[in-house]
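Participant: Curious how this folds, go ahead:
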Amino acid sequence: MLGRPKNRRKQNEKKRASLLKLPKLDWKRWGMSLASLGALGAAVSLVLWSLDQPIDSVEVRGRFARVSASDVERVVKQQVRNVGLVSVDLEKVRAAIGTIPWVDSVTVQRAWPHGLTVVVTEQVAAARWRESGLLNTRGELFLLDARHVPLELAQLSGPDGTQNEVAQRYLAAQGRVTEAGMRITALRLDARGAWEFDLSNGVTVRLGRRQIDERFERFMSTAVKVVTQRADDIQYVDMRYTNGFAIGWRGALARSEGGSKNG
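Facilitator: As a prediction, the model looks like this:
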């Protein structure tokens with residue numbers, strides 16, 4: 001009975017000793033593994049070095065009317081100078097091309113073994129902004145001071161920061177007006193928040209500051225027929241009435257009738 005505690009202590013000591021023993025490392029195997037990893041890394045580096053060759057060709061694709069393919073190529077070559085095909089920063093190249101006037105979107109891809117392929121989409125001008133700015137089909141002001149402004153585009157204007165709002169209203173209204181056989185040539189938002197637009201037949205339509213959508217719809221449903229029939233006699237149509245509209249006549253009609261209200 002007295003010997004059991006001693007035996008138990010010996011057993012516990014053996015267990016602790018076994019737990020403290022570390023497994024023996026197979027240094028030879030580890031050495032071979034490290035050597036293999038080193039060889040693999042060297043092989044990868046060699047492959048990357050062999051692929052990272054100087055870029056000597058740039059293919060530019062796109063339908064160009066305002067952008068010059070040679071300008072795009074020149075910008076690309078400035079960005080890839082002293083870098084290889086693997087190490088070139090494609091996003092940096094794309095951003096540099098995006099600074100060229102009239103460029104809307106750009107994609108840049110590697111073309112193995114020594115080139116880049118660039119696809120450029122031009123901006124589509126939907127309207128003028130004030131005197132020399134240009135708005136695209138999304139209502140974005142992409143050129144503030146254009147050298148060549150297409151005069152056939154409608155001229156939009158408004159307070160600073162309202163270009164997108166004015167453009168969106170123009171884009172929404174132009175299709176409706178075109179269906180009626182006319183075209184919006186100008187759309188204005190003044191500092192007080194009042195809207196008016198000019199038609200291709202010389203008639204100005206005044207919408208005012210409130211219920212703009214409702215007044216435009218009323219113009220299209222009631223006044224547009226009179227405007228198309230007697231455009232030469234009409235100077236403006238005023239839609240700022242609850243149940244109708246007023247017509248401002250030109251010349252002799254203006255003196256004889258002053259102005260007439262419909263509705």
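Participant: Report the separation between residue 197 and residue 246.
Facilitator: 16 Å (CB to CB, to the nearest Å). All C-beta atoms are positioned from the backbone trio N, CA, C, and that covers glycine.
Participant: out of these two, which sits in the busier spot?
Facilitator: residue 197 (24 against 17; other CB atoms under 10 Å).
Participant: In space, what's closest to the residue most central in space within the chain - neighbours in sequence excluded?
Facilitator: Among the residues of the chain, the one closest to the centroid is residue 104, at 6.9 Å (CA atoms, centre = their mean). Once flanking residues are discounted, residue 104 sits nearest to residue 123: 4.4 Å by CB to CB, 6 or more residues apart in numbering.
Participant: Please apply the same query to residue 102.
Facilitator: Nearest residue to residue 102 in three dimensions, chain neighbours excluded: residue 66, at 3.9 Å (CB to CB, 6+ apart).
Participant: got the buried residues for stretch 59-68?
Facilitator: Buried positions in stretch 59-68, judged by neighbour count with 16 or more other CB atoms under 10 Å: 60, 62, 67.
Participant: Save these as a markdown table, and put in secondary structure and pLDDT too.
Facilitator: Putting these into a markdown table (DSSP: H, G, I helix; E, B strand; the rest coil; pLDDT from 0 to 100) gives the following:
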| residue | secondary structure | pLDDT |
| --- | --- | --- |
| 60 | strand | 97 |
| 62 | coil | 97 |
| 67 | coil | 96 |
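Participant: any idea which of those residues is the one closest to residue 93?
Facilitator: Nearest to residue 93 out of those is residue 60 (CB to CB; 11.9 Å).
Participant: quick one, what contacts the closest one?
Facilitator: 69, 72, 73, 76, 118, 120 (CB atoms under 8 Å, 6 or more residues apart in numbering).
Participant: Take these and keep only those in strands.
Facilitator: Cross-referencing the contacts of residue 60 against strands under DSSP state E gives 118, 120.
Participant: Show me which of the contacts of residue 60 are buried.
Facilitator: 72, 73, 76, 118, 120.
Participant: what would the contacts of residue 60 look like in TSV with pLDDT and distance to residue 100?
Facilitator: Shown next, in TSV, are the contacts of residue 60 (pLDDT from 0 to 100; distance: CB to CB, whole Å):
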residue	pLDDT	distance to residue 100
69	96	11
72	98	7
73	96	11
76	97	11
118	98	11
120	98	8
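Participant: export the contacts of residue 60 to a markdown table and tack on distance to residue 132?
Facilitator: Shown next, in a markdown table, are the contacts of residue 60 (distance: CB to CB, whole Å):
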| residue | distance to residue 132 |
| --- | --- |
| 69 | 25 |
| 72 | 24 |
| 73 | 28 |
| 76 | 29 |
| 118 | 29 |
| 120 | 23 |
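Participant: the helices in the stretch 101-250 of the chain, which residues?
Facilitator: Assigned by DSSP state H, counting those that start in this stretch, the stretch 101-250 of the chain shows helices spanning 163-179, 212-218, 224-229.
Participant: for these, which one sits closest to residue 157?
Facilitator: It is, among those and with distance given as CB to CB, helix 163-179, at 7.3 Å.
Participant: Provide the contact partners of the closest one at residue level.
Facilitator: So helix 163-179 is contacted by 126-127, 129, 133, 135, 137, 139-141, 154, 156-158, 183-184, 187, 189, 195, 197, 199, 212, 216, 220 (CB under 8 Å, 6+ apart).
Participant: which residues touch stretch 187-194?
Facilitator: 154-159, 162, 165-166, 169-170, 173, 195-198, 206-209.
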